[in-house]
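Enquirer: Give the three-dimensional model of this entry:
(one chain, ligands or ions: 2)
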Amino acid sequence: MRSAAGNASEIRFVHARRVWDSRGRPTVEAEVRTLSGAVGRAIVPAGASRGTREAIDLRDGGQRLGGLDVQGALAHVNGEIARAVMGLAADDQLALDERLIELDDTPNRSRLGANSMLAVSMAASHAAAAVHGVPLYQYLGGPDAVLLPVPQVQIFGGGAHAGRRTDVQDYMVVCPGARTFAQAIEWTAEVYRHAGLMMQARGATFGVADEGGWWPVFNTNEQALEALVAAIERARFVPGEQVAIALDVAASEFGKGGRYTLALERRELDADGMCELLTRWIEKYPIVSIEDPLAEDDLEGFARFTRAAGKSLQIVGDDLLVSSAALLRQAAARGAANTVLLKPNQRGTLTETRQCWQAARSLGYAGIVSARSGETEDTTIVHLAIGWGVGQLKVGSFARSERMAKWNEALRIEERLGARARYAGMGAFGRNPMTR
Ligand code: 2PG
Ligand code: MG
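Expert: Ligands and ions are numbered 1, 2, ... in the order given. Below is the predicted model of the structure:
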């Protein structure tokens with residue numbers, strides 16, 4: 001898109017500062033100011049269960065702050081990146097992101113870091129929206145940006161986000177039966193509350209995990225599914241109709257080379273065993289979506305599972321696809337997965353993330369915009385989900401302000417859209433690409 005605001009959107013000032021994320025770790029915030037005085041600001045998040053093909057989150061290393069400081073990334077923004085983007089139009093996202101990519105054309109942004117690049121890429125989009133005097137979702141999507149996403153909300157948090165207390169990482173709910181985003185959020189609040197009361201009654205209250213879901217005190221992974229169904233029923237919803245289950249198995253965290261070690265249950269499965277286990281769960285519980293059912297190194301297993309279950313089940317590639325249009329095309333050629341998780345910091349620019357979503361759409365894949373386990377008050381991803389019309393949003397649980405900031409931002413947008421707002425519902429979910 002060429003600048004429609006003339007000189008007003010010309011970038012005149014770029015600055016990065018160190019701020020802190022929800023795990024108390026340092027991260028990068030960037031500020032972009034245009035000639036007209038419009039300011040955009042954005043903070044990058046950080047993952048814990050990362051795909052090996054994600055773009056690099058540049059950290060300083062060494063002893064201080066566990067090696068996680070970001071002084072190098074800040075210096076890149078305040079030096080090289082600031083000089084390179086000065087004078088560009090904030091509202092020409094493509095040209096801006098192309099300039100960033102020119103500066104670091106390593107395949108995984110290992111020189112400048114995806115954190116330094118994305119902070120500027122996102123801050124510029126906020127500045128551009130401000131120049132045009134519209135909210136970011138509208139700047140990105142125009143008057144058609146009216147689709148409110150189905151929220152995927154974590155109730156129990158496990159895996160890398162809870163000391164590996166369960167092998168499965170996210171036990172979530174979605175509300176296909178809700179009529180509006182606000183209603184889906186209210187229903188989810190009831191389920192979350194009842195799940196907490198249940199854990200309390202069992203004497204199993206150990207606080208919350210990294211994304212705000214209840215700390216899982218279970219002897220098997222399946223017990224968490226039973227508890228989730230019980231919580232849905234106690235909240236007086238019909239499981240599977242009004243409120244259904246979504247999982248992020250995050251299998252790359254415990255599977256490699258075709259072997260999957262379920263530490264909680266002290267057993268090891270091969271890929272077929274994993275598929276059989278998940279198939280049993282799908283038959284027994286109202287599960288409508290499974291993310292990373294197999295490891296990132298098992299494209300073939302993904303394809304087999306998709307052929308077997310993907311007709312009626314959403315199968316999401318996160319570590320498998322790392323928001324990459326190229327990896328998505330490879331997966332599509334094999335019929336692996338039917339939905340892509342979109343995390344801008346897996347790539348480093350908004351343009352590449354959007355290109356992945358465009359590729360997904362053209363290949364018949366669904367999408368979910370997702371936060372990371374290390375988050376902040378930044379709500380950019382909510383605007384991406386609505387502006388790009390993705391239809392689903394995953395930002396963790398229903399506690400901790402870095403999560404609630406995002407749900408609340410979507411509520412504000414739904415209210416602002418009024419009668420034009422449309423809740424995506426199950427129509428946004430992925431289906432077997434081979435049967436479409
Ligand atoms: C995931 C995310 C969010 P992380 O696996 O989908 O739940 O986790 O940010 O740690 O990669
Ligand atoms: Mg995941």
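Enquirer: Now do the same contact list for the residue of the stretch 1-150 of the chain found nearest ligand 1.
Expert: Using Cβ to the nearest ligand atom, the single residue of the stretch 1-150 of the chain nearest to ligand 1 is residue 47, 3.1 Å away. Any C-beta I mention is one placed from the backbone N, CA and C, and that applies to glycine too. Each residue near residue 47 by Cβ atoms under 8 Å, 6 or more residues apart in numbering is listed here: 54, 57, 343, 345, 346, 372, 373, 374.
Enquirer: Mind putting these into TSV with neighbour count, pLDDT and secondary structure?
Expert: Below are the contacts of residue 47 laid out as TSV (neighbours: other Cβ atoms under 10 Å; pLDDT from 0 to 100; DSSP: H, G, I helix; E, B strand; the rest coil):
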residue	neighbour count	pLDDT	secondary structure
54	22	98	coil
57	26	98	coil
343	26	98	coil
345	29	98	helix
346	28	98	helix
372	27	98	coil
373	24	97	coil
374	24	98	strand
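Enquirer: ok so, going back, next one: the residue of the stretch 1-150 of the chain closest to ligand 1 from residue 346, what distance?
Expert: Distance of residue 47 to residue 346, given as Cβ to Cβ, to the nearest Å: 8 Å.
Enquirer: Mutual contacts of those two, please.
Expert: Shared contacts of residue 47 and residue 346 (Cβ under 8 Å, 6+ apart): residue 54.
Enquirer: contacting residues for the closest residue to ligand 2 within the chain?
Expert: Among all residues of the chain, residue 318 sits closest to ligand 2, at 3.5 Å; criterion: Cβ to the ion. Residue 318 is in contact with 51, 248, 250, 291, 292, 341, 343, 370, counting by Cβ under 8 Å, 6+ apart.
Enquirer: And the residue of the stretch 1-150 of the chain closest to ligand 1, how far from residue 375?
Expert: Counting by Cβ to Cβ, the separation of residue 47 from residue 375 is 10 Å.
Enquirer: residues in the stretch 1-150 of the chain within reach of ligand 1, list them.
Expert: 47, 48, 49, 50 (Cβ under 6 Å from any ligand atom).
Enquirer: In a strand, residue 290, correct?
Expert: Yes: counting by DSSP: H, G, I helix; E, B strand; the rest coil, residue 290 falls inside a strand.
Enquirer: Could you give the average pLDDT over stretch 350-358?
Expert: Averaged across stretch 350-358, the pLDDT comes to 98.
Enquirer: From the chain's centroid, how far away is that stretch?
Expert: With Cα atoms, centre = their mean, to the nearest Å as the basis, stretch 350-358 stands 14 Å off its chain's centre.
Enquirer: hmm, who's touching that stretch?
Expert: By Cβ under 8 Å, 6+ apart, stretch 350-358 touches 93-94, 97-98, 101, 118, 121-122, 125, 321, 323-325, 328, 340, 342-344, 346-347, 367, 384, 388, 390.
Enquirer: and stretch 140-160, does that touch ligand 2?
Expert: No: contact of stretch 140-160 with ligand 2 (Cβ under 5 Å from the ion) is absent, the minimum separation being 9.0 Å.
Enquirer: which residue sits closest to the residue nearest to the spatial centre of the chain in space, ignoring its chain neighbours?
Expert: Geometric centre of the chain, nearest residue: residue 370, 1.3 Å, by Cα atoms, centre = their mean. Spatially, and ignoring its direct neighbours in sequence, residue 370 is nearest to residue 394 (4.4 Å; Cβ to Cβ, 6 or more residues apart in numbering).
Enquirer: surely the one you found meets residue 173?
Expert: No: assessed by Cβ atoms under 8 Å, residue 394 is found out of contact with residue 173, at 11.4 Å.
Enquirer: Contacts only, for residue 62.
Expert: So residue 62 contacts residue 69 (Cβ under 8 Å, 6+ apart).
Enquirer: ok, now residue 428?
Expert: Applying Cβ under 8 Å, 6+ apart, the residues near residue 428 are 147, 149, 150, 366, 390, 391, 392.
Enquirer: Over to residue 194?
Expert: Residue 194 makes contact with 231, 234, 235, according to Cβ under 8 Å, 6+ apart.
Enquirer: Hmm, residue 339 is touching residue 364, no?
Expert: No: using Cβ under 8 Å, residue 339 is not in contact with residue 364, being 10.2 Å away.
Enquirer: between the two, who's got more neighbours?
Expert: residue 339 (28 against 15; other Cβ atoms under 10 Å).
Enquirer: ok, now which ones touch the residue of the stretch 51-200 of the chain found nearest ligand 1?
Expert: In the stretch 51-200 of the chain, the residue that lies nearest ligand 1 is residue 170 (5.5 Å; Cβ to the nearest ligand atom). Shown in contact with residue 170 (Cβ under 8 Å, 6+ apart): 154, 157, 158, 159, 161, 211, 213, 246, 247, 248, 250, 291.
Enquirer: Hmm, residue 396 and the residue nearest to the centre of the chain touching each other?
Expert: No: counting by Cβ under 8 Å, residue 370 does not reach residue 396; the two are 9.2 Å apart.
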